[in-house]
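Asks: Got a sequence here, can you build the structure:
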Amino acid sequence: MEYETVQLDITDGLAVLTLNRPEKMNALTTQMRAEVAYAMKDAAKQSRAIVLTGAGPAFCSGQDLGDASSTGQIDLERALRDEYEPMLEAVYDCPVPTIAAVNGPAAGAGANLALCADVVIATESAYFLQAFARIGLLPDAGGTWFMPRQMGFAKAMGAALFADKISARQADEWGLIWEAVADDQFEDHWRKRAAYLANGPTAGFRAIKTAIRGTYDKTLPQQLAAEAHLQGECGRTRDFAEGVVAFLEKRPAKFEGR
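Replies: Numbering: from 1, shown residues only. Next up, the predicted model:
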């Protein structure tokens, strides 16, 4: 499938999905939301890891308020349910590991799109902004779900009410993202991280995602049972057998993936 607002490149098991409206700071339109959802599913079938990033100086500035399909009496609830939810779910439920390589400002729904990924790596000059309160709204696109879980109630409430910019370094220190990286090292760094995931044990990574994301709904005994079940499945994979042999032979493992 050909895309107009995103670019999808797949090489050596690694897919790089680029939001590609740099002249609009990669602001989200109806078309773009649909294309991100389709491209994520397309990439998941052909790769072992996916990176979501932005073209130009920004990652994503959120909703494009000038989008022709979003002007007039916009039904915000319908837009969130019919357009945003499929996009966010495609990223969050992706069966292979995902990285959001935040190359610049991530604002509004753009910030929360990044938080859908398994790992967020940001360049130090980037920032995250929950700008919704400035126009009389609350954080959506999963913002009220991700923020309290990742940086705590107090920081989440302040970020939502005051709509202050959170620098990449602050986001790193507060636990909102995995790491902030110097600008001149950013792309080399996230590509190395992504290559590690693309060459790793895909089934094991999938089990990690399932276990960690399911922990909020379980008691400790339930989580222990879930771990045991998932570990049993991983223990029957070729990747586990290869990992053990490679360890004993003191060589890098060569995982098959799927």
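Asks: was I right about M147 contacting K155?
Replies: Yes - assessed by C-beta atoms under 8 Å, M147 is found in contact with K155 at 7.3 Å. Any C-beta I mention is one placed from the backbone N, CA and C, and that applies to glycine too.
Asks: how far out from the middle of the chain is the lengthiest helix in the chain?
Replies: Assignment by DSSP state H gives helix 30-46 as the longest helix of the chain. Centroid separation between helix 30-46 and its chain, computed with C-alpha atoms, centre = their mean, to the nearest Å, is 13 Å.
Asks: do the same with stretch 195-211
Replies: Counting by C-alpha atoms, centre = their mean, stretch 195-211 is centred 15 Å from the centre of its parent chain.
Asks: Ok, stretch 126-140 next?
Replies: Chain-centre distance of stretch 126-140: 18 Å, with C-alpha atoms, centre = their mean.
Asks: So which bits of it are buried?
Replies: Counting neighbours by 16 or more other C-beta atoms under 10 Å, one finds that the buried residues in stretch 126-140 are 126-132, 139-140.
Asks: Would you map the strands across the stretch 151-258 of the chain?
Replies: Ranges of strands in the stretch 151-258 of the chain, per DSSP state E, counting those that start in this stretch, are 165-167, 179-181.
Asks: could you dump the ones you listed to CSV with mean pLDDT?
Replies: Conversion of the strands of the stretch 151-258 of the chain to CSV gives the following (pLDDT from 0 to 100):
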stretch, mean pLDDT
strand 165-167, 98
strand 179-181, 98
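Asks: Give me the distance between G108 and L129.
Replies: Per C-beta to C-beta, to the nearest Å, G108 is found 7 Å from L129.
Asks: just the strands of the stretch 151-258 of the chain: most buried one?
Replies: For the strands of the stretch 151-258 of the chain, average neighbour numbers computed from mean count of other C-beta atoms under 10 Å are highest in strand 179-181, which has a mean of 20.
Asks: which helices and strands does it pack with?
Replies: Secondary-structure packing of strand 179-181 (3 or more C-beta pairs under 8 Å, 6 or more residues apart in numbering; DSSP states H and E): strand 119-123, helix 168-174.
Asks: 10 Å instead?
Replies: Judged by 3 or more C-beta pairs under 10 Å, 6 or more residues apart in numbering; DSSP states H and E, strand 179-181 is in contact with strand 98-102, strand 119-123, helix 168-174, helix 186-198.
Asks: Most tightly packed of these?
Replies: Comparing those by mean neighbour count (mean count of other C-beta under 10 Å), strand 98-102 comes out on top with a mean of 27.
Asks: Which elements pack onto that strand?
Replies: strand 14-19, helix 30-46, strand 49-54, helix 85-92, helix 109-115, strand 119-123, strand 179-181, helix 186-198.
Asks: can you rerun that using 6 Å?
Replies: Counting contacts by 3 or more C-beta pairs under 6 Å, 6 or more residues apart in numbering; DSSP states H and E, strand 98-102 is packed against strand 49-54, strand 119-123.
Asks: Okay, now the sheet partners of the helix or strand just after the last one, with direction.
Replies: Scanning forward in sequence from strand 119-123 by DSSP states H and E, the next helix or strand is strand 127-129. Taking DSSP bridges as the criterion, strand 127-129 forms sheet pairs with strand 106-107 (parallel), strand 165-167 (antiparallel).
Asks: Among the ones you listed, which comes closest to Q223?
Replies: Nearest of the strands paired with strand 127-129 to Q223, taken as C-beta to C-beta: strand 165-167 at 30.2 Å.
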